[in-house]
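**Student:** Using only what follows, build the 3D model:
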Amino acid sequence: MSGHNGNGGVSRISVSLPEPLLRQLDAMVSERGFMSRSQAIAEMVSEQVAAHKQALGSEIMAGTITLLYDHSTPNLQKSLADLQHEHIREVISSLHVHLMHSQTMEVILVQGPAAALQLIADEMITLRGVISGKLELTTTLIPQLHLPAEKRAGQA
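**Tutor:** Numbering: from 1, shown residues only. This next block holds a predicted model:
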C-alpha cells in the first residue's frame, strides 16, 4: 500500500525487514552518509529499476560510459572519437581527464534505447588499449531541448 503525503510527489510505503537486515541497513546508512533510511532505500530501488529496464532493452534511458584507457595505444583515441560520431544520436557529450602513467579517464554522457547504449559501450570497452569500462544507466531522462522541424510542425 502507498499513499501520497503531499510532499512533492513522494509517497510513503511500509516495508518489513528481518532484524539483522535492518541493522545492516542502518549501519550502511550511517557509513555512507545518507540522510535517512528512505534516502538509502530510494537509491537502491532506483538502481534496481534501472537494471530491470536495462534488461528489457528498448526502454529509453540516460547514462554514462566511463572508460579508463592507455592513451598511448595507437589509434585508440581516434577509434573512440569515430564511435562517438557514428552514434551521434545517442552520445550527448564527453569529458576526458589525463591521469598519471599515460592513462586517460573518459566519461561519455549517453541517452537512447538501453540495448543500443549497451552495444555502444561494448564497442568502446572492447577496443585495444581500454583498461576498464562500465555503462551506468538511470531511468531519468535528459530533456530534449530542440525538436526536429517535422515534429515542431506537428505541434503547431
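**Student:** Partner strands of the helix or strand hosting Val110, with direction?
**Tutor:** Here Val110 sits within strand 103-113, counting by DSSP states H and E. Paired with strand 103-113 in the same sheet, following DSSP bridges, are strand 60-70 (antiparallel), strand 91-98 (antiparallel).
**Student:** Could you export those as JSON lines, including distance to Ala27?
**Tutor:** Yep, even glycine has a C-beta here, placed from its N, CA and C like the rest. As requested, the strands paired with strand 103-113 are arranged in JSON lines below (distance: least, C-beta to C-beta, whole Å):
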{"stretch": "strand 60-70", "distance to Ala27": "28"}
{"stretch": "strand 91-98", "distance to Ala27": "33"}
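**Student:** most tightly surrounded among these?
**Tutor:** With neighbours taken as mean count of other C-beta atoms under 10 Å, the strands paired with strand 103-113 reach their highest mean count in strand 60-70, at a mean of 20.
**Student:** Next, Lys134: phi, psi?
**Tutor:** phi -150, psi 140 (degrees, to the nearest 10).
**Student:** quick one: the helices in this structure?
**Tutor:** 19-32, 37-56, 76-86, 114-125, 149-155 (DSSP state H).
**Student:** Let me know which of those helices is tucked in deepest.
**Tutor:** Highest mean neighbour count among the helices of the chain (mean count of other C-beta under 10 Å): helix 114-125, a mean of 18.
**Student:** pLDDT score for Glu59?
**Tutor:** If you check Glu59, the pLDDT there is 82.
**Student:** before we move on, what about the one 10 residues further on?
**Tutor:** The predicted local distance difference test score for Tyr69 is 96.
**Student:** Look up how far Ile142 lies from it.
**Tutor:** Per C-beta to C-beta, to the nearest Å, Tyr69 is found 25 Å from Ile142.
**Student:** Val49: what's its closest spatial neighbour, skipping adjacent residues?
**Tutor:** Closest residue to Val49 apart from its sequence neighbours, by C-beta to C-beta, 6 or more residues apart in numbering: Thr139 at 5.8 Å.
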